[in-house]
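**Student:** 3D model of this:
(one chain, ligands or ions: 1)
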Amino acid sequence: MALAILCSGQGNQHAGMFDLTGDAPEAASLFAYVSRQLGGDPRVLVRQADPDVLHGNRTAQLLCTLQALAAAALFDSALPGRRCLAGYSVGEVAAWGVAGLIGATETLDLVDKRARLMDAESHGDEGMLFIRGLDRASIDQLCEGREAAIAICNPANAWVLGGRKVALDMIAQEAAKCGALRVSSIPVKVPSHTYLLADASSAFGGALADIRLQTGRQPRARLFSGIDGDPVLDASRDLNKLALQISHPIQWDKCLAGCVEAGATVFLELGPGRALAEMAAGAYPEIPARSLDDFRSIRGVLDWLTRITGSA
Ligand SMILES: CC(C)(COP(=O)(O)OP(=O)(O)OC[C@H]1O[C@@H](n2cnc3c(N)ncnc32)[C@H](O)[C@@H]1OP(=O)(O)O)[C@@H](O)C(=O)NCCC(=O)NCCSC(=O)CC(=O)O
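**Tutor:** Sure, this is the predicted structure:
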């Protein structure tokens with residue numbers, strides 16, 4: 001059996017997101033580190049801050065990455081040995097940390113830099129939009145001639161678009177008229193994974209050049225890259241895909257398919273939120289899928305994994 005770990009992207013930060021990880025001694029140093037980055041304790045921030053603050057680009061990226069790294073620190077020794085790993089949007093950077101290829105604090109520093117570069121290229125009038133139920137050709141047509149593009153290809157004709165809000169608003173109206181089953185804006189404030197962030201991509205490539213990859217150790221998991229769904233077989237060669245993904249679409253459908261081809265028999269999303277577990281369950285109904293947000297205790301997560309796999 002193989003466990004597929006999914007690292008979440010921005011959009012679902014919430015007050016209870018650190019309920020399982022926030023008090024764990026294994027994650028204490030990570031919370032202290034992010035407290036310094038954010039200028040305040042993230043556990044307090046998620047409980048007290050306005051949703052608008054939690055969805056600010058830099059804050060959101062750091063919170064999501066912290067959650068993935070904290071969960072990994074807690075679970076690492078308890079989870080089944082055969083694993084695969086995929087990260088959605090900023091979750092892909094977190095996944096390199098969870099895989100042990102980049103140190104945890106270096107991962108957080110990288111995410112900080114990524115967020116700042118993306119903010120520097122944004123104008124405050126961008127966002128992301130979810131559309132389900134139209135085919136690729138229809139989505140491409142809706143984006144044609146507008147400052148918007150496909151950002152994430154999800155299974156079952158579900159798409160995330162990034163772009164200027166004015167363009168996304170027009171696309172949302174037209175998508176509904178064209179028969180989309182669901183159209184919904186996503187609380188993300190940057191046009192991630194689109195050409196609008198091309199300069200941030202190049203600049204982040206420069207930052208990646210300084211990273212010391214921890215390739216001496218055996219990787220803890222088979223890791224998939226977002227832009228093509230291919231496994232990372234040569235970390236030094238594939239690291240730059242973390243830069244490319246800032247301005248190129250994520251093939252999340254291919255990442256999930258890669259996990260299944262690699263033998264995944266259970267999906268566990270680290271959160272915040274349950275979007276990835278729900279997508280995996282929709283695309284592969286025969287494979288159990290849950291998010292940490294579905295549980296009230298770490299024991300509950302481990303018991304569930306034990307029931308499914310016979311080992312945890
Ligand atoms: C956008 C969403 C809120 C949409 O989720 P929803 O659940 O509202 O919408 P949905 O269409 O998937 O599901 C609505 C209902 O339809 C059902 N449903 C789903 N797919 C279906 C299908 N193929 N056929 C029939 N029904 C289906 C669902 O079970 C659900 O049922 P029921 O109603 O019964 O439950 C979510 O996908 C989400 O949170 N996504 C993650 C956020 C995201 O994409 N972030 C971008 C990261 S970018 C980023 O991080 C930037 C960076 O790079 O830093």
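**Student:** what about Gln251, how many neighbours?
**Tutor:** For Gln251, the number of neighbouring residues by other C-beta atoms under 10 Å comes to 21. C-beta coordinates here come from the backbone N, C-alpha and C atoms, glycine included.
**Student:** Likewise for Asp169?
**Tutor:** Here the neighbour count serves as a burial measure; for Asp169 (other C-beta under 10 Å) it reads 15.
**Student:** how near is it to Leu142?
**Tutor:** As judged by C-beta to C-beta, to the nearest Å, Asp169 and Leu142 stand 12 Å apart.
**Student:** repeat for Ala277
**Tutor:** Counting by C-beta to C-beta - Ala277 and Leu142 are separated by 28 Å.
**Student:** three-state assignment of the closest residue in space to Ala264 that isn't next to it in sequence?
**Tutor:** Leaving aside its chain neighbours, Ala264 sits nearest to Ala4 (3.7 Å; criterion: C-beta to C-beta, 6 or more residues apart in numbering). Secondary structure state of Ala4, per DSSP: H, G, I helix; E, B strand; the rest coil, is strand.
**Student:** Please verify my assumption that Ala4 contacts Glu269.
**Tutor:** No. When contacts are counted by C-beta atoms under 8 Å, Ala4 is not listed as touching Glu269 (9.4 Å).
**Student:** Name the residues contacting each of these two.
**Tutor:** Overlap of the contact sets of Ala4 and Glu269 (by C-beta atoms under 8 Å, 6 or more residues apart in numbering) consists of Ala280.
**Student:** Now for the chain, the helix or strand with the poorest mean pLDDT.
**Tutor:** Evaluated with mean pLDDT, DSSP states H and E, the helix-and-strand set of the chain has its lowest mean pLDDT in helix 298-309, which scores a mean of 89.
**Student:** For that helix, buried residues please.
**Tutor:** Within helix 298-309, the residues that qualify as buried are Ile298, Val301, Trp304, Leu305, Ile308, Thr309, counting by 16 or more other C-beta atoms under 10 Å.
**Student:** can you check stretch 61-76 too?
**Tutor:** Of all the residues in stretch 61-76, those buried under the rule 16+ other C-beta under 10 Å are 61-75.
**Student:** ditto for stretch 159-178
**Tutor:** Taking 16+ other C-beta under 10 Å as the basis for neighbour counts, the residues of stretch 159-178 that come out buried are 159-165, 167-168, 171-172, 174-175, 178.
**Student:** can you list those in a markdown table and add secondary structure?
**Tutor:** Output for those, formatted as a markdown table (three-state DSSP):
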| residue | secondary structure |
| --- | --- |
| Trp159 | strand |
| Val160 | strand |
| Leu161 | strand |
| Gly162 | strand |
| Gly163 | strand |
| Arg164 | strand |
| Lys165 | helix |
| Ala167 | helix |
| Leu168 | helix |
| Ile171 | helix |
| Ala172 | helix |
| Glu174 | helix |
| Ala175 | helix |
| Cys178 | coil |
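**Student:** For those residues, could you give me TSV that also reports pLDDT and distance to the ligand?
**Tutor:** Written out in TSV, the entries for the buried residues of stretch 159-178 read as follows (pLDDT from 0 to 100; distance: C-beta to the nearest ligand atom, whole Å):
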residue	pLDDT	distance to the ligand
Trp159	98	10
Val160	98	5
Leu161	98	10
Gly162	98	8
Gly163	98	13
Arg164	98	16
Lys165	98	15
Ala167	98	17
Leu168	98	13
Ile171	98	15
Ala172	98	13
Glu174	98	18
Ala175	98	12
Cys178	96	16
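**Student:** And these, which is closest to Ser201?
**Tutor:** Distances from the buried residues of stretch 159-178 to Ser201 were compared by C-beta to C-beta; the smallest belongs to Gly162, at 13.0 Å.
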